[in-house]
Each structure stands twice: as structure tokens, then as C-alpha cells.
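In: With the input below, show me the fold.
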Amino acid sequence: MAQKVPLNLVRNIGISAHIDSGKTTLSERILFYTKKIHAIHEVKGKDQVGATMDFMDLEREKGITIQSAATYCMWKGYNINLIDTPGHVDFTIEVERSLRVLDGAILVLCSVAGVQSQSITVDRQMKRYKVPRLCFINKMDRAGANPFRGVKMLREKLSHNAHLITYPIGAEDQFKGLVDLVTMKANYFDGDNGETVRLEEIPAELVDDCKKYREELIAAVGEFDENIMNKYLEGEEPSVDELRAGIRKATLSLNFTPVITGSAYKNKGVQTALDAVTYYLPNPTERENIALDQHNNEAKVVLASDPAKPFVALAFKLDEGRYGQLTYMRIYQGSVGKGDVIFNSSNDKKVKVPRLVQMHADEMHDVETAQAGDIVAFFGVDCASGDTFTDGTIKYTMTSMFIPNAVISLAIAPKDKAGQANFSKALNKFTKEDPTLRVHRDEESAQTIISGMGELHLEIYCERIKREFNCEVVVGKPQVAFRETITKRGDFSYTHKKQTGGSGQFGKVVGYIEPLPADAAVNYEFVDDITGGSIPREFIPACDKGFQEAIKEGRLIGFPIVGVRVTINDGAYHDVDSSEQAFKTAALMGFREAYEKAGAVVLEPMMKLETQAPEEFQGGVMGQINQRRGMIINSGTNEGYAVIEAEVPLNEMFGYSTDLRSATQGKGEFTMEFLKYAPVPRNVQEEMVKKFQEKKAKENK
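Out: Numbers count the residues shown, from 1 in each chain. Purely as a prediction, here's the structure:
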């Protein structure tokens with residue numbers, strides 16, 4: 001049980017970065033120096049144990065982080081709740097949900113590669129949730145390490161106001177330690193694992209550089225702190241405490257990023273980073289958290305990190321373990337104890353809290369109570385990711401996190417009938433845990449379809465079904481999530497008439513469809529322009545329903561239609577024969593009539609691709625991208641490696657990793673994430689439409 005510390009000594013932080021920048025290695029060192037673990041294990045290689053935070057077998061085999069793992073530790077009297085998040089874009093939801101509940105973050109950059117494509121994504125997520133961050137430029141021991149270029153890229157690519165607060169002593173195999181520019185002392189890390197920090201005077205040859213960088217730092221902090229600005233202008237030196245207070249103020253404003261250099265693998269600079277977390281990142285009371293009051297028209301309420309106020313917590317991650325569902329919660333207000341009754345705001349269900357634990361990777365440490373600012377896990381609380389819990393005296397909901405749309409689907413089935421029950425159990429568990437994994441049944445082909453963020457994302461889940469549920473699966477060819485849209489206005493005037501025994505059906509709708517502007521927040525808009533009662537009020541919603549039915553399946557290749565505004569401006573009805581059903585059908589058929597004239601096109605997901613390979617393979621790699629209908633946006637070189645940025649259609653990218661490896665002797669690597677939807681070339685569209693027509697014709701036989 002961690003001792004309870006005052007709220008101003010609590011730090012909830014996440015570690016995020018591009019894949020392979022050393023996040024998990026950094027977390028491992030933090031746990032070691034805070035005496036949470038007694039031996040250091042590595043992420044990859046011969047280490048049989050594997051890193052503490054990568055506790056899934058799959059994570060250890062692949063050497064990547066798949067799930068965010070939570071732990072807590074004590075450092076110099078501060079309680080640090082830490083979440084290690086994945087860097088791979090396919091698991092981006094893990095980063096989203098962690099940043100949603102954290103107060104501060106460490107952005108890790110590799111000193112050789114600097115800002116990479118995933119660093120940009122993670123930075124965008126930090127900005128979305130207004131998370132103050134500091135930057136740790138890692139891997140200073142590697143050949144080609146250059147932290148100054150890293151700072152330059154932070155400024156240019158991420159437009160951060162970034163400034164070094166430590167200056168490296170040497171680099172590559174000569175990296176010895178760092179100078180703290182706040183205290184102006186050199187820090188060396190002695191002992192087998194760098195556990196002893198030795199303070200010395202700054203090496204003579206670095207004094208001038210350090211003074212120059214310290215002056216830049218003071219000038220930059222002066223923008224946020226009047227006292228420091230005055231001292232700077234008068235040529236006076238601010239004291240260590242004054243400068244720390246200034247840096248803290250600047251960091252919390254979200255317009256300043258302190259940068260630390262180090263090498264987690266070589267055990268240098270990690271303690272300095274921990275100190276910086278306590279000095280410069282916010283405690284729970286310094287972040288504004290907003291809830292919506294459901295009893296008062298969703299009025300915004302600012303939550304107070306006060307244990308005495310009514311309880312409010314957000315469930316941000318679910319984990320179905322051996323002993324049932326584990327629900328990770330961030331408590332924003334009030335407190336909760338074992339045996340208390342709490343209410344789920346989304347469905348008003350009341351739940352008794354049977355057990356409260358603090359997580360250390362996959363180990364659980366029981367606690368009796370938890371309060372505002374804590375991140376804990378509840379046992380036996382059934383809910384969905386993103387649900388808000390209260391004590392029942394209020395009904396607040398917290399805004400949940402941003403969930404990106406799926407871009408790729410697979411047909412998946414259990415290999416034998418006996419595995420069916422386990423197969424269903426597995427999918428139930430995974431969709432509850434991961435909002436970006438979607439499962440639906442395709443009625444036409446009677447197949448189960450899973451959709452997600454990328455090939456690796458779905459591959460990992462297929463593997464987990466096999467391992468965790470002992471169920472072999474058969475996987476179909478990946479399917480890309482195409483869309484259809486229109487490029488110009490199309491008019492309709494459709495009359496639906498049917499005369500059967502008894503009352504008939506009659507409804508007439510007149511209007512037009514047109515493309516929505518590219519930046520529209522919605523995919524479908526309905527405009528009711530009826531005047532003079534040509535269609536009675538009660539039938540208008542039925543028209544809307546008919547149009548919504550029509551956009552579910554396009555006429556070109558059968559995929560959903562997006563980016564359409566439908567306007568109805570006239571129509572006719574019959575006193576006896578008109579009904580909701582008649583107008584719904586008229587709208588559906590009217591839309592189809594207009595769609596034929598509206599220049600329909602097929603849209604495909606375009607991905608942002610960043611490929612890195614040794615320079616000698618640059619021509620071959622570019623050739624491969626061109627063959628896959630890719631458009632190269634930018635290419636450059638960095639330390640003997642070619643870095644190529646391109647936009648590529650997802651549909652052409654299957655099997656790319658194998659091709660890239662064989663073209664670069666296994667040295668090429670790439671990251672890819674969804675960018676936008678764009679029209680497919682005319683010849684490709686014609687081919688797709690032809691195939692769809694043939695499939696339809698077969699089904700109708």
C-alpha cells in the first residue's frame with residue numbers, strides 16, 4: 001500500500017513516443033531507481049524475463065508495447081502514477097485513453113532520428129487533451145546522437161517552444177553525463193546501474209556553451225515570468241528556486257517544453273528526468289477538468305480535486321483478467337472506499353465496490369480507499385470504456401476520448417465448430433476493452449467481420465484469440481473500408497404509388513442532393529425546405545429516415561455514402577393513402593434517382609507512410625512506393641538513412657512489410673497511419689464497379 005501523500009505531491013504522467021524510442025526502457029529504469037523493482041530487464045534480446053511493463057507474452061516476443069501498462073512509485077516523497085503507452089500507430093487508442101486521464105507527459109525522442117511520424121501523432125494527442133509535457137531526448141549513447149538537432153526539430157516540426165534544461169557532456173560512446181542548466185552543476189551517474197548521482201563542477205571546455213544555453217533558457221522563461229524577465233534585463237542571476245518556479249509556470253501554460261538529454265539504456269539522466277517531473281509537471285489540482293451536468297442541460301462544471309466533494313471518476317480502460325473484469329479509473333473528485341456504492345452515469349446502474357487495487361504492471365496491490373487525483377483499478381465493476389461514475393448525489397458525465405474510425409477489415413472464423421463459444425467470448429472481451437476494434441456480422445455472406453486500425457492491430461488480436469482462448473482462427477483477405485460520395489448536385493422528383501387491396505401507398509418527394517463542404521463535421525445533412533404543407537409535418541422524419549437508409553449502401557460498389565446534403569423542397573400526399581412507410585420508400589428511391597446524376601465517386605483511405613532504409617536502397621524503396629500508387633511528399637537523409645514520406649492508398653499496401661524487407665536486406669522499417677479519404681483513379685473505379693456488378697448478378701441468379 002502506497003502511503004497517502006498530499007495532492008500537491010502527486011504526479012499522474014504518461015510516457016509516449018514514436019515506436020522504438022525507448023519508452024519501455026525508460027519506464028524500467030524509473031521503476032528501478034524508485035526501488036519498485038530490484039533488477040533491470042531489457043525489452044529485447046537475450047533477457048528471458050522481459051521488461052516489467054511489457055508483461056504480455058506477445059509484447060515480449062515482438063519487443064513492442066501493445067497495451068498501456070500502469071504502475072506507481074515513490075520518488076523523493078512524491079507519488080508518481082505512471083502509464084507506459086505503445087508507440088505503434090495501430091494501438092493509438094491506448095495513447096488516447098491514457099492522455100485523457102493524465103495530468104502531464106514525457107515525450108521521448110530518439111537523439112539520432114529526432115521527431116518521427118509517430119512523435120507528431122502523439123504530440124497532436126497531447127495537444128488535444130491539453131497535457132503539459134517535458135521532452136526526454138534518449139539514446140545519447142548511439143552513433144549519430146545529436147540532441148541539438150532534436151530541439152530544432154521540436155521547434156520546426158511540432159512548433160514547440162523547446163529549450164534544453166540539461167546540456168550533454170559528450171555524445172555517442174563518449175556520453176558521460178549532463179550539466180543541469182538550472183543548478184549549473186555537472187551530473188555523473190556512477191555504480192553498476194547508474195544509481196549514484198555524483199555532482200561535480202562543469203568541465204572547463206563546456207562552461208561557455210552551458211552559459212550560452214542557460215541564458216537562452218532564462219530569456220525564454222522570462223516571457224512567462226515577470227520576476228525572471230526583470231532580473232534578465234537587469235543582468236542579475238535568478239536563484240535556482242526562482243528559475244524552477246519560472247520553468248514550471250511556463251510548462252503549465254502549455255507554451256513551453258523543457259528538454260532533458262540522456263540514455264535510459266546506459267542509465268544516464270533518468271533521475272534528472274524524474275526530478276523534472278516533480279519540479280515542472282502539474283499536480284492534479286493544477287489541471288482544469290470539466291464534467292457535464294446531466295440534470296442541468298449538460299452545463300459545464302469544473303471538478304475540484306477535493307476528497308470531500310461528491311465522487312466523480314472516469315473508467316478509461318478495461319482489462320478482462322483471470323479473475324473477472326478489471327476497470328481502470330481516474331478519480332477526479334471526492335473519494336471512494338471498498339464496499340461503497342457508486343452509480344454509472346450512462347445507465348444509472350448502481351454498483352458496490354467489492355475490491356480496490358493499485359496496479360503495478362500486472363501485479364495488484366490492495367487499497368482500502370482512493371481519492372481525487374488517484375488512478376486505481378476496481379474489481380467486479382461492469383461498465384464500458386469511457387463511462388463516468390458518481391456517488392449518486394449528482395449526475396455528471398465526463399467527455400470521453402476521441403476514437404478514430406477503423407480503416408481495415410478481416411473476415412474471421414473459428415477453425416472448428418468446437419471453438420465457437422471461446423471465439424465469441426474472445427471477441428466480446430476484446431471489443432469491450434478496445435473501442436477501435438469493431439465486430440459485426442455481414443448478413444449477406446454470414447461472416448464475422450473484425451475492423452481495426454491496421455494490419456498489425458488485427459493480427460495481434462487473431463494471435464491473442466489463439467493464445468488466450470485456445471481457439472485457432474481462419475482469416476480471410478483484408479478488406480479496406482471504402483466510401484462513396486458525390487461530386488455535383490443531383491435533382492430528384494419521385495412518386496411512390498402502390499395500389500393493393502384496401503388502402504394503397506402514396507408519397508411524392510421533390511428536392512436535390514449536393515456535396516457537403518470538405519471540412520464539414522458530419523457525413524450527412526438533412527434540410528427541410530418544405531413550405532405550404534405540400535408534405536405534412538408528421539411525414540418529414542420518415543423522409544429523413546428514407547435518405548439515411550439510402551446512404552448506408554452506395555450504388556457503385558455497395559459501401560456507405562458520405563459527405564451528402566439532402567434538401568427536400570416540394571412533394572405531394574394523399575389524405576388516405578399516404579403513410580410514413582410510403583414517404584420513407586419515396587425518399588429512398590428519390591435519393592437513388594438523384595445519385596445517378598450526381599457524379600458519384602469511390603473514396604479510399606489514404607495513409608501517411610514514413611519509410612526509413614539505408615541510403616543505398618533509396619531508389620528501390622521509392623520505386624516500390626510508386627508501384628503502389630504512392631505519392632512521395634518528402635525525402636531526406638539522416639545519418640546514412642533515407643527517410644521517405646509519402647501518401648499511399650491503404651488498398652495497395654498489403655504485404656508491404658515483406659516487400660520492403662526483401663528490397664532492403666531486412667534493414668528497412670516503416671510506420672503508417674490514416675490520413676484522409678480521397679477519390680480512387682477513374683480506371684481503378686471502373687474496375688471496382690464492374691466487379692461489384694458481377695457479384696450482384698451472381699447473387700441474383
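In: Now the element after the lowest-mean-pLDDT helix or strand in the chain, going C-ward?
Out: The least trusted helix or strand in the chain, going by mean pLDDT, DSSP states H and E, turns out to be helix 57-62, with a mean of 52. Going down the chain from helix 57-62, the next helix or strand is strand 69-75, by DSSP states H and E.
In: Which other helices and strands does that next one contact?
Out: helix 23-33, strand 78-84, helix 270-280, strand 355-360, strand 375-379 (3 or more CB pairs under 8 Å, 6 or more residues apart in numbering; DSSP states H and E). No exception for glycine: its C-beta is placed from N, CA and C like everyone else's.
In: Next, the angle from the last one to strand 78-84.
Out: Angle, strand 375-379 to strand 78-84, by axes from the mean of the first three to the mean of the last three CA atoms, to 10 degrees: 70 degrees.
In: ok, residues contacting strand 375-379?
Out: By CB atoms under 8 Å, 6 or more residues apart in numbering, the residues outside strand 375-379 that reach it are 12, 70, 72, 81, 83, 101, 319, 323-331, 353-359, 364, 367, 370.
In: Quick one: buried ones out of the residues you listed?
Out: 12, 70, 72, 81, 83, 101, 319, 325-331, 353, 355-359, 364, 367, 370 (16 or more other CB atoms under 10 Å).
In: Tell me which other helices or strands the longest strand along the chain touches.
Out: Counting residues, the longest strand found in the chain (DSSP state E) is strand 601-614. With contacts taken as 3+ CB pairs under 8 Å, 6+ apart, strand 601-614 sits against strand 483-485, helix 618-627, strand 641-649, helix 656-663, strand 669-679, helix 682-700.
In: ranking the ones you listed by burial, who's on top?
Out: Ranked by mean neighbour count, these are led by strand 483-485 with a mean of 22 (mean count of other CB atoms under 10 Å).
In: if you average pLDDT over that one, what comes out?
Out: The pLDDT scores in strand 483-485 average 93.
In: now do stretch 637-651
Out: 86.
In: export it as CSV, just CAs?
Out: Coordinates of each C-alpha in stretch 637-651 appear next as CSV, following Å, rounded to 0.1, in the frame of the first residue of the first chain:
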residue,chain,number,x,y,z
THR,A,637,18.7,11.6,-45.4
ASN,A,638,19.7,11.3,-41.7
GLU,A,639,22.8,9.6,-40.6
GLY,A,640,23.1,7.3,-43.6
TYR,A,641,19.4,6.5,-43.7
ALA,A,642,17.0,7.7,-46.3
VAL,A,643,13.7,8.9,-44.8
ILE,A,644,10.8,9.0,-47.3
GLU,A,645,7.4,10.4,-46.5
ALA,A,646,4.5,9.5,-48.9
GLU,A,647,0.8,9.3,-49.2
VAL,A,648,-0.3,5.9,-50.2
PRO,A,649,-3.7,4.1,-50.7
LEU,A,650,-4.2,1.5,-48.0
ASN,A,651,-5.6,-0.9,-50.6
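In: Buried residues in the longest strand of the chain, which are they?
Out: 601-613.
In: For Arg11, see how far away Pro681 is.
Out: Separation of Pro681 from Arg11 (CB to CB, to the nearest Å): 51 Å.
In: ranges for the helices of the stretch 101-250 of the chain?
Out: Using DSSP state H, counting those that start in this stretch, the helices found in the stretch 101-250 of the chain span residues 117-128, 147-157, 207-222, 226-233, 240-252.
In: Of all these, which one is nearest Lys698?
Out: Closest approach to Lys698 among those (CB to CB): helix 117-128, 41.9 Å.
In: So which elements touch the closest one?
Out: Checking 3+ CB pairs under 8 Å, 6+ apart, helix 117-128 ends up next to strand 10-17, helix 92-101, strand 104-110, strand 669-679.
In: Mind listing the strands the last one pairs with, and their directions?
Out: Strand 669-679 has its sheet partners listed here by DSSP bridges as strand 601-614 (antiparallel).
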